[in-house]
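Enquirer: just need the structure, nothing else, for what follows:
(one chain, ligands or ions: 1)
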Amino acid sequence: MFDKPAFAGHESAHHFYDAKTGLRAIIVIHSTARGPAAGGCRMWNYATADDAFVDALRLSEGMSYKNAMADLPLGGGKAVIWGNSKADKTPELFRALGRAIATLNGAYWSAEDVGVSVHDMAYAAEETKYVAGLPTGKAASGDPSPVTAKGVFLGIKATALRAFGTDDLDGKHIAVQGVGHVGAYVCGHLAKAGARLTITDVNPEALAAVAKDTGAKVVAPDEIYDIAADIFSPNALGAIINPTTLPRLKVKVIAGGANNQLATPDMGEKVVEKGILYAPDYVINGGGIINVAAEISGTYEPAWVEGKVQRLVQTLGEVLDRAKAENRPTNRVADEIARQRILAG
Ligand code: NAD
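Expert: Residues are numbered from 1 along each chain as shown. This is a model prediction of the structure:
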């Protein structure tokens, strides 16, 4: 672990193998400085075990930053299962994952992530109490997407305020990539605020449903980068701001819920050069982890969640303002604040 470029002072890494179920899982704890490490479990058919490990290292560090920016009493961690989420899932596999999580005695809290559903994690929860984001239970927080989307919508307004001098989205043209769990709710909020939408997705049913509800114009997946609009809102994949796509963008703002939007950190400088204001992804999309944190706390209080989301939007504003005052990319400023918060514990 120590000589990998993805190593960022991580506290520990734990490899699990269960012969009976075939579980191959890695749980990485980046930091517990602010509280128990929290972050979802991803199931992915990695090419090699090393790829799985590096992904877990990166993702767990990202969770430390996200949790710190959402001002949660949580550190960062992540679990990855090396396997095919379409073919290899069984209740027993997830029960074995639950037993693996249990061995960490609460140093790591899990939840669902790419390739893993709330129902899968319910099996893990049969073996350990350190699983959140569940559909049922005393403090169950359910699907985090509506809260993520609310934070993204408020974050788009906060970013618009800095870019256009007003947070009124009435008549603003917004190009939305991805209308899945988060994107569909984001589109709903934007349409209600009077925005004109152009949307895309690779799922025709999801696209048709959102177009019908919001009156959005539909374009093919690759066309979204060429739309002349006020705002580009990525809510699908990572690494979509890269040397190929950035020159095509004709927008003033990038603000959306997708994780890891910048292909590399230096895209932050390139975005500034192009005169675009970027809302750092792990700040604007922290609503979902706030929702999960409410469940981890043991009592789900909607007012606490709402307060934390409002505070998150203020934090996003502070990042954008400091970046402007210091003439630096917003992602660099967010990283710096997150690291300071983690160091302060
Ligand atoms: P989802 O799978 O429900 O939605 C993603 C959508 O993107 C799907 O409709 C999919 O068809 C579409 N898509 C895939 N490839 C595409 C492409 N090439 N072009 C256009 N659309 C494409 O996932 P989600 O839960 O809505 O999450 C969306 C993003 O937000 C992800 O990056 C996720 O990591 C991030 N995120 C989600 C949450 C949450 O609460 N769900 C929280 C924080 C961050």
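
Enquirer: list the contacts for the residue in the stretch 101-250 of the chain that the ligand sits nearest to?
Expert: Nearest residue of the stretch 101-250 of the chain to the ligand: residue 180, at 1.8 Å (C-beta to the nearest ligand atom). In this view, the C-beta of every residue, glycine as well, is placed from N, C-alpha and C. Shown in contact with residue 180 (C-beta atoms under 8 Å, 6 or more residues apart in numbering): 201, 203, 206, 235, 236.

Enquirer: what's the most distant pair in these?
Expert: Checked with C-beta to C-beta, the contacts of residue 180 reach their widest spread between 203 and 235, with 12.4 Å between them.

Enquirer: what do those two both touch?
Expert: Counting by C-beta under 8 Å, 6+ apart, the residues touching both residue 203 and residue 235 are 179, 180.

Enquirer: now find how far off-centre the lengthiest helix in the chain is within its chain.
Expert: Secondary structure of the chain read by DSSP state H shows that its longest helix is helix 302-326. In terms of C-alpha atoms, centre = their mean, to the nearest Å, the centre of helix 302-326 is found 16 Å from the chain centre.

Enquirer: mean confidence (pLDDT) on the following helix or strand past that helix, please.
Expert: Scanning forward in sequence from helix 302-326 by DSSP states H and E, the next helix or strand is helix 330-344. Helix 330-344 carries an average pLDDT of 97.

Enquirer: show me what helix 330-344 is in contact with.
Expert: Contacts of helix 330-344 (C-beta under 8 Å, 6+ apart): 31, 33-34, 64-66, 68-69, 71, 75, 262, 265, 268, 277-280, 282-283, 315, 318-320, 322-323, 326.

Enquirer: narrow those to those in helices?
Expert: 64-66, 68-69, 268, 282-283, 315, 318-320, 322-323, 326.

Enquirer: residue numbers of the stretch 51-200 of the chain in contact with the ligand?
Expert: 144, 145, 148, 177, 178, 179, 180, 181, 182, 183, 200 (C-beta under 6 Å from any ligand atom).

Enquirer: now, the most widely separated pair of those residues?
Expert: 144 and 200, at 23.3 Å, using C-beta to C-beta across these.

Enquirer: mind checking which of those two has more residues around it?
Expert: With neighbours defined as other C-beta atoms under 10 Å, residue 144 and residue 200 compare such that residue 144 has more, 26 against 23.

Enquirer: phi, psi of the nearest residue to the more buried one once chain neighbours are set aside?
Expert: Spatial nearest neighbour of residue 144, excluding adjacent residues (C-beta to C-beta, 6 or more residues apart in numbering): residue 288 at 3.4 Å. In terms of degrees, to the nearest 10, the main-chain angles of residue 288 are phi -60, psi -40.

Enquirer: and residue 288, how many neighbours?
Expert: 26.

Enquirer: kindly report the same for residue 166.
Expert: For residue 166, the count of nearby residues is 11 (other C-beta under 10 Å).

Enquirer: name all residues that make contact with it.
Expert: With contact taken as C-beta under 8 Å, 6+ apart, residue 166 is in contact with residue 160.

Enquirer: for the stretch 1-150 of the chain, which segments count as helices?
Expert: 49-69, 91-102, 118-124, 145-164 (DSSP state H, counting those that start in this stretch).

Enquirer: reformat these as a markdown table; add mean neighbour count and mean pLDDT.
Expert: Output for the helices of the stretch 1-150 of the chain, formatted as a markdown table (neighbours: other C-beta atoms under 10 Å; pLDDT from 0 to 100):
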| stretch | mean neighbour count | mean pLDDT |
| --- | --- | --- |
| helix 49-69 | 23 | 97 |
| helix 91-102 | 21 | 98 |
| helix 118-124 | 21 | 95 |
| helix 145-164 | 23 | 98 |
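
Enquirer: turn these into a markdown table, including distance to residue 217.
Expert: Shown next, in a markdown table, are the helices of the stretch 1-150 of the chain (distance: least, C-beta to C-beta, whole Å):
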| stretch | distance to residue 217 |
| --- | --- |
| helix 49-69 | 32 |
| helix 91-102 | 41 |
| helix 118-124 | 33 |
| helix 145-164 | 18 |
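
Enquirer: give me the domain ranges for the protein.
Expert: The chain resolves into domains spanning 12-59+75-131, 146-286+314-344 when parsed by automatic domain parsing.

Enquirer: distance to residue 294 for those domains - can I get that in JSON lines?
Expert: Output for these, formatted as JSON lines (distance: least, C-beta to C-beta, whole Å):
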{"stretch": "domain 12-59+75-131", "distance to residue 294": "12"}
{"stretch": "domain 146-286+314-344", "distance to residue 294": "9"}
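
Enquirer: between those, which gets nearest to residue 308?
Expert: Nearest to residue 308, of the domains of the chain and by C-beta to C-beta, is domain 146-286+314-344 at 8.4 Å.

Enquirer: which ones among the residues of the stretch 51-200 of the chain next to the ligand lie within strands?
Expert: Cross-referencing those against strands under DSSP state E gives 177, 200.

Enquirer: tell me the one of the residues of the stretch 51-200 of the chain next to the ligand nearest residue 190?
Expert: Among those, residue 183 lies closest to residue 190 (C-beta to C-beta), at 10.1 Å.

Enquirer: how many neighbours does that closest one have?
Expert: With other C-beta under 10 Å as criterion, residue 183 counts 28.

Enquirer: for it, what are its contacts?
Expert: 149, 176, 177, 199, 201, 210, 233, 235, 236, 256, 257.

Enquirer: and residue 306, how many neighbours?
Expert: By other C-beta under 10 Å, neighbour count at residue 306 equals 13.
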